[in-house]
Each structure stands twice: as C-alpha cells, then as structure tokens.
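**Student:** Coordinates for the following, if possible.
(one chain, ligands or ions: 2)
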Amino acid sequence: MTATRRLEGREQVERVAFLIPTLNEAPSIGLVIESIPVAELADNGYETAVYVVDGRSVDQTREIAVQKGAQVITEERSGKGAAIQTAFRAVDADYVIVADGDNTYPVSVATEMLRLLQTNDVVIGSRLKGSIEPGAMTRLNVVGNILLTSLARLLFHVKISDVCTGLWGYRRAALRRLELAADGFEIEAEMFAECVRKGLCIAEIPITYRAREDQPKLSSLRDGAKIGLFLLKRRVRLAQLNGGLSESEKTERNERVKLMGEETDAGH
Ligand SMILES: Nc1nc2c(ncn2[C@@H]2O[C@H](COP(=O)(O)OP(=O)(O)O)[C@@H](O)[C@H]2O)c(=O)[nH]1
Ligand SMILES: [Mg+2]
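**Tutor:** Ligands and ions are numbered 1, 2, ... in the order given. Down below sits the predicted model:
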C-alpha cells in the first residue's frame, strides 16, 4: 500500500489513518473497511492504515476487522469518546479520518476529504447539508440534530451545519491541538468546541447518511440532552477565557467554516 506523493517537486509519502470506534458492529465493520477507497487514495499518493478502536465487543467485530486488514486497538473503558481519545494518542499519521463502524457514513468520500484538508485544518461530512436515507434516522433524531446544530451555531458563532456528525477528518497538526476529555457521545460536540477555541478552519462535504442494520447505542433523549448541556458548558468556559466577541470576530469565525464548492483559501 506504499505510494508516493509529489509535493512541491519532492516525492513524499503521506499517511492517512482511519479510526473506527466499534462496539458490537459485526454486521457492518467489514463493509466499512471494504469501502475505504485504498486504491484511489494510493493513486493520489496516500498510504492507508485502518484502526478499529473496539470497546468490549462480544460479537465477531475484532476478528472481522483483523481479517479485513485493520489493526485493532482495544479500549476497555466504555464510551465512543474514550475510544476516540485513545486512538488519537495511539496513532501517528499525516491525516486522520474518524468514521463510525455501523456503515452509516460514506467513507468512500475520503479522497475528497483529503483534497479539502490541503487548505483546511478539519473536514466534516455533513448529513444535514447532504441527505438522510429513508429510515436512517428517526424524526426525533432529525429534530435533535437540527436543534443541537442550531445551538452550536448560536453559541459559538460558527456556521457548522451538522455538529453531531460521525465523519471527521484532520490534518495532523490540527488534531494535536485538540484537548479532549469527553468519554461519551459528547465527543463530537467537544471536537467542534475545541476546533472553535483553537481557531481551526473547518470544511464541510455534504454526505448521504445510511440506515444502520441494528439498534444504535445512542439514546436520543438522554444523549441529546447531554450534548446540549455540554455545548452550553463549553461556551461558558470559552467566554471566561475570551470575554465577549465583537461583531467582526463573529463574522471572522463564521467564515472559518466552508462548504464544499465554496472558495477555500485558508492557506497553510
Ligand atoms: N469503542 C467504542 N465504540 C462505541 C461505543 N459506543 C458506541 N460506539 C461506536 O460509536 C459509533 C456510533 O455509535 P452509534 O450507536 O451508531 O451512535 P449514533 O450513530 O450516534 O446513533 C458506532 O460505530 C459504535 O459502535 C463504546 O462504548 N466504545
Ligand atoms: Mg450510528
């Protein structure tokens, strides 16, 4: 899977690591790994490594992951956030893509994500700017996601369109700047709040969200409320650090989020 990438006249290998948190995802983990566009990435000069960050799965998740060529990292503490933090510490790559293991997110867009990461620090796959397959999300979850995203925009003055997405891509330097502590499903809200706090530039790709085969671990009301409260707390902490924002600072923040197709001139 070694490839070279021509950068500024030099041949250079760049590595992309996929991190997939799993808890009993045997029906889907194989499909997720298979749909990573390894050959397309190699054509574009990227070497790919896949890490499945497994909680205490009691099904065949780990065995299937190994069969499909992934490395398995075990995080015995429960929670998606704990798994992601452990993986961020364990893995060193030029780019890191995080995607759920239930095959609801299209990891096939990875090449496009990497293109956007040439001029942005972070890229997310946006379901709310893209589409949601029939049956992929309950009405309650659609409303919850819209409400949490509106809350995030209102509190942080950043035009994000899907704060709870499970598809994130990072440049190495951006990832290293995040200080994360959330163990559960608040992890996306925390990654977002940290991106804002560190002034990182976020690009968005509209994606199609697919239905999962079985039941999610997330409880809509309990986890939704926790995520909302988490955003509020992080906003208060940011206000304590920064004081109030001027109108020009609010505009500047909003301009840090770019939807694919818009001009991305963040420059690095
Ligand atoms: N390692 C680990 N992964 C988890 C845990 N809870 C959920 N996940 C994974 O996190 C991803 C998102 O979980 P899911 O239940 O689909 O939540 P939703 O998509 O936000 O409704 C899936 O790949 C899960 O397998 C956990 O406690 N540990
Ligand atoms: Mg899911």
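
**Student:** And whatever residue of the chain ends up closest to ligand 1, its phi and psi?
**Tutor:** Minimum separation of the chain from ligand 1 (Cβ to the nearest ligand atom) falls at residue 55, amounting to 2.8 Å. To be clear about C-beta, it is placed using only N, CA and C from the backbone, and glycine gets the same treatment. With angles defined as degrees, to the nearest 10, residue 55 sits at phi -80, psi -160.

**Student:** Need the per-residue pLDDT for residue 263.
**Tutor:** pLDDT recorded at residue 263 is 44.

**Student:** switch to numbering from 209
**Tutor:** Shifting the count to begin at 209 puts that one at residue 471.

**Student:** What are the boundaries of the strands in the protein?
**Tutor:** In the chain, the strands defined using DSSP state E lie at 213-215, 218-220, 222-230, 254-262, 279-282, 303-306, 330-340, 376-379, 410-417, 465-467.

**Student:** Averaged pLDDT, the first one. What do you get?
**Tutor:** What strand 213-215 shows for mean pLDDT is 51.

**Student:** cool, and the fifth one?
**Tutor:** Taken as a whole, strand 279-282 has an average pLDDT of 98.

**Student:** before we move on, what about the longest one?
**Tutor:** In this model, strand 330-340 has a mean pLDDT of 97.

**Student:** Does anything pack onto it? Which helices or strands?
**Tutor:** helix 318-324, helix 347-364, strand 376-379, strand 410-417 (3 or more Cβ pairs under 8 Å, 6 or more residues apart in numbering; DSSP states H and E).

**Student:** Just send those back as JSON lines, with mean pLDDT and distance to ligand 2 too.
**Tutor:** Output for the helices and strands packed on strand 330-340, formatted as JSON lines (pLDDT from 0 to 100; distance: least, Cβ to the ion, whole Å):
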{"stretch": "helix 318-324", "mean pLDDT": "98", "distance to ligand 2": "18"}
{"stretch": "helix 347-364", "mean pLDDT": "95", "distance to ligand 2": "10"}
{"stretch": "strand 376-379", "mean pLDDT": "98", "distance to ligand 2": "14"}
{"stretch": "strand 410-417", "mean pLDDT": "97", "distance to ligand 2": "9"}
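
**Student:** what's the most buried one of the ones you listed?
**Tutor:** Neighbour counts (mean count of other Cβ atoms under 10 Å) averaged over each of those peak at strand 376-379, with a mean of 25.

**Student:** Does anything pack onto that one? Which helices or strands?
**Tutor:** When contacts are defined as 3+ Cβ pairs under 8 Å, 6+ apart, strand 376-379 packs onto strand 303-306, helix 318-324, strand 330-340.

**Student:** Take these and lay them out in CSV including distance to residue 257.
**Tutor:** Formatted as CSV, the helices and strands packed on strand 376-379 follow (distance: least, Cβ to Cβ, whole Å):
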stretch, distance to residue 257
strand 303-306, 10
helix 318-324, 13
strand 330-340, 19
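
**Student:** So, low pLDDT: which residues of the stretch 359-476 of the chain?
**Tutor:** For the stretch 359-476 of the chain, residues meeting the criterion pLDDT under 70 lie at 450-452, 467-476.

**Student:** got the residues of it near ligand 1?
**Tutor:** Contact residues (Cβ under 6 Å from any ligand atom) of the stretch 359-476 of the chain with ligand 1: 374, 393, 424, 425, 426.

**Student:** I'd say residue 422 and residue 235 touch.
**Tutor:** Yes: with contacts defined as Cβ atoms under 8 Å, residue 422 counts as touching residue 235 at a distance of 6.5 Å.

**Student:** between the two, which one's more packed in?
**Tutor:** In this view residue 422 and residue 235 are compared by other Cβ atoms under 10 Å, and residue 235 has more residues nearby, 16 against 10.
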